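1. Next come a sequence and a model predicted from it.
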Amino acid sequence: MTQLTLEHSNSSSTAVGCAAAGVLVVDDDGHFRQLARCLLECEGIRVLEAEGGHKAIDCLKAHERDIDCVIVDLVLPDDDGMEVIRQIKSDLPGAKIIAVSGVATAALDLRISRHLGADATLSKKEIELLPGLLENLLRS
């Protein structure tokens, strides 16, 4: 069963250009979501989470005004991450999307995700780069 966590940070620190930004992290890996949440909340970014694609779409519809960027894993149990990206761009053309993958052979999939509408890509091995990538994306 897919679970949606709607928790907001009360962190007082802010990243330049990202203050009060809202991000939806879509990933079935709870450890990755927790790490992304920690990195982003330390920068003052509000974080919502969804374990799968269906819950992510529901969350986007319910919280559209609160979400500035969606971080989408390309491998999800209930939906293909590429399909989630395509659907987000279809429903919310202005949405910013970062595609992520931890699969060793993900380079091609990450490049393809850019053609489907992802604004940026990131290997999960480089998670420490996420706050800076998000800041640059939201400034553009």
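-> That came in fine, so what should we check first? Being a predicted model, the structure only gives us computed values, none of them experimental.

2. From Ile88, how far off is the closest residue to Val26 other than its chain neighbours?
-> Nearest residue to Val26, sequence neighbours excluded (Cβ to Cβ, 6 or more residues apart in numbering): Ala56, at 4.2 Å. For every residue, glycine as well, the C-beta is placed using N, CA and C. For Ala56, the distance to Ile88 (Cβ to Cβ, to the nearest Å) stands at 8 Å.

3. Let me see the backbone angles for the most centrally placed residue in the chain.
-> Taking Cα atoms, centre = their mean, the centroid of the chain lies closest to Ile71, which sits 1.3 Å from it. Ile71 has phi and psi values of phi -100, psi 120 when expressed as degrees, to the nearest 10.

4. which residues does it bridge with?
-> Assessed by DSSP bridges, Ile71 has beta-bridge partners Val25, Ile98.

5. returning to that earlier point: count residues in the vicinity of the residue nearest to Val26, would you?
-> Counted with other Cβ atoms under 10 Å, residues neighbouring Ala56 total 31.

6. before we move on, what about the one 10 residues further on?
-> Other residues near Asp66 come to 17 when the count uses other Cβ under 10 Å.

7. Likewise for Pro77?
-> For Pro77, using other Cβ under 10 Å, the count is 9.

8. That one in helix, strand or coil?
-> Secondary structure state of Pro77, per DSSP: H, G, I helix; E, B strand; the rest coil, is coil.
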